[in-house]
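>>> Could you work out the structure for the sequence below:
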Amino acid sequence: MKDSRRSRLFLGLLLAAALVLITVDHRSENMPVFGPMRTVVTSAFGAVERGVSTVTEPIGGFVGALAGAQGSREQITNLKSQNAKLEGELSSQRIDKRRSAELQAMLGLSGLGGYKIVPAQVVARRASPGFEDAVEIDAGTSDGVKPDMTVLNGQGLVGRVVKATASTATVVLLCDPASSAGARLEASGELGVVSGLGANGGSGRRVMFRLLDATAPLAAGARLVSFGSQQGVPYVAGVPIGTVEKVEATPGELTRTAYAKPFADLSSVDIVGVVVEGPKRDPRDALLPPAPKPAAKPKPKPAAPVMPGQQAPPQIARPGTGAPGNVPGNTGPANQGPENTAPEDVNTAPGDTGPRNIDRQNRVESPRDPLAPVQGRDDASTPPDDEAA
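Numbers count the residues shown, from 1 in each chain. Take a look at the predicted model:
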């Protein structure tokens, strides 16, 4: 529509009519003339509004989703990043907690034994020339670590240092086939040698022990500690080694062979300590963990007391004991058959009319020869006198 005088006049008339209708509708809200008209107009425009809303609402939602898709992607990415960061922190806390516990156990063991140690962490597992099972630690000569020093952790003996640089060192584990250490039995003090088995020992789960005296007692459950070397090189004395699990029968041999489980988990060593100075005196068995207690035997249940006026439970005779009671399979009352009844005690004084002293309850039946005649009869085959008459 062109902007002309006529169009302006038409627009002005429409606005004036709208204002008049609004004024009249507001002032004549309860008039019977405009009420029905307003209801009709409202219903018509309401239907049109609902139809338009039904058509435009999905379009508006789609446009809004397109507008917020980029923001949602960024939010999802940020949440994933935060989740990964929290998982990493949680994992680090668990590792730090476990390492802290291992370090405390190792410090406790070394303090009790009087060892001066340098804490270290295993950074790699690698093979060294001449050895199969060896690890690398993050401590070296700058920390006082030298070759042929004992390496232990919070549980027991781990191995010995074979090579050292300024910041690292190589430790051969006790389970290596080329590794041997002097050992001593707990309490008895019998000497032997512990050797590694490599892959044959389940990757450090078992080592071999040879007792030098073939006549000395050796059984499963015996525990071993390191015997020690001259000036503590390469092994110091008193470090727990393991527990004997199996003893081989080797008659005629000069030594006895057994297999022991090490106290230290050699397949997953992490925090270790290098003994740079041994104890002034041998701790012997002081560093061994407490011996496991044998399983307690179940206590027999006490018999229920018999109240006055209450009948005692029937006694069941065990085979071969001859004790009175209800024998399994016997449905009659106990000790009532003729064969289980002993002769009555008739040793009474003449003229004594009192009750006879008969002890039926505590009577014990003695074994009887089945071929012997029944007591109290002259002949088992002779009928009584009344029957003969």
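
>>> Going by neighbour count, which residues of the helix or strand hosting Gly242 are buried?
Element membership of Gly242, judged by DSSP states H and E, is strand 240-247. Judged by neighbour count (16 or more other Cβ atoms under 10 Å), strand 240-247 contains these buried residues: 240-244, 247. In this view, the C-beta of every residue, glycine as well, is placed from N, C-alpha and C.

>>> partners of that strand in the sheet?
Using DSSP bridges, strand 240-247 pairs in its sheet with strand 223-226 (antiparallel), strand 256-262 (antiparallel).

>>> Quick check: next helix or strand after the last one?
So the one you mean is strand 256-262. strand 271-277.

>>> average pLDDT across that following strand?
What strand 271-277 shows for mean pLDDT is 94.

>>> Which elements pack onto that strand?
Other elements packing on strand 271-277 under the criterion 3 or more Cβ pairs under 8 Å, 6 or more residues apart in numbering; DSSP states H and E are helix 34-113, strand 116-125, strand 150-152.

>>> What strands line up against the last one, and which way round?
By that I understand strand 150-152. With DSSP bridges as the test, strand 150-152 pairs up with strand 157-164 (antiparallel), strand 271-277 (antiparallel).

>>> So which residues make contact with the first one?
For strand 157-164, the external contacting residues (Cβ atoms under 8 Å, 6 or more residues apart in numbering) are 128, 131, 134, 140-141, 145-152, 169-174, 176, 179, 181, 226, 234-235, 239-241, 262-264, 266, 269, 272, 274.

>>> Show me which of those residues are buried.
Buried members of these, scored by 16+ other Cβ under 10 Å, are 128, 131, 134, 140, 145, 149-152, 169-174, 176, 179, 181, 226, 234-235, 239-241, 262-264, 266, 269, 272, 274.

>>> number of nearby residues for Glu57?
Neighbourhood size, Glu57 [other Cβ atoms under 10 Å]: 10.

>>> what about it, distance to Arg50?
In this view, Glu57 and Arg50 are 10 Å apart by Cβ to Cβ, to the nearest Å.

>>> Low-confidence stretches in this protein?
Along the chain, segments meeting pLDDT under 70 span 1-3, 24-42, 44-46, 48-49, 52, 62-70, 295-297, 301-389.

>>> How is it divided into domains?
13-91, 117-277 (automatic domain parsing).

>>> Could you save the ones you listed as a markdown table and add columns showing distance to Ala286?
Shown next, in a markdown table, are those (distance: least, Cβ to Cβ, whole Å):
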| stretch | distance to Ala286 |
| --- | --- |
| domain 13-91 | 37 |
| domain 117-277 | 7 |
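
>>> Out of those, flag the one nearest Leu103.
Closest approach to Leu103 among these (Cβ to Cβ): domain 117-277, 5.3 Å.

>>> And the closest one, end to end?
7 Å (Cα to Cα, to the nearest Å).

>>> now swap in stretch 251-271 and tell me
So stretch 251-271: terminal residues 42 Å apart, Cα to Cα.

>>> Equivalent analysis for stretch 120-134, please.
Terminal-residue distance, stretch 120-134 (Cα to Cα): 15 Å.

>>> In it, which of the residues would be classed as buried?
Quick answer for stretch 120-134 (16+ other Cβ under 10 Å): 120, 122, 128, 131-134.

>>> Highest mean neighbour count out of the domains of the chain?
domain 117-277 (a mean of 19; mean count of other Cβ atoms under 10 Å).

>>> Export the strands paired with strand 150-152 as CSV, with columns for distance to Phe10.
Listed next are the strands paired with strand 150-152 as CSV, based on distance: least, Cβ to Cβ, whole Å:
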stretch, distance to Phe10
strand 157-164, 103
strand 271-277, 94
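
>>> For Ala219, find the nearest of these.
Of these, nearest to Ala219 by Cβ to Cβ is strand 157-164, at 21.8 Å.

>>> Now do the closest one against strand 116-125, angle only.
Following axes from the mean of the first three to the mean of the last three Cα atoms, to 10 degrees, one obtains 80 degrees for the angle between strand 157-164 and strand 116-125.

>>> CA atoms of strand 157-164 as PDB?
C-alpha atoms of strand 157-164 as PDB (Å, rounded to 0.1, in the frame of the first residue of the first chain):
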ATOM      1  CA  LEU A 157      63.900 -59.800  51.400                       C
ATOM      2  CA  VAL A 158      63.700 -58.600  47.700                       C
ATOM      3  CA  GLY A 159      67.200 -59.100  46.300                       C
ATOM      4  CA  ARG A 160      70.600 -57.400  46.000                       C
ATOM      5  CA  VAL A 161      72.100 -54.600  43.900                       C
ATOM      6  CA  VAL A 162      74.300 -55.800  41.000                       C
ATOM      7  CA  LYS A 163      74.900 -52.500  39.200                       C
ATOM      8  CA  ALA A 164      74.700 -48.800  40.100                       C
END
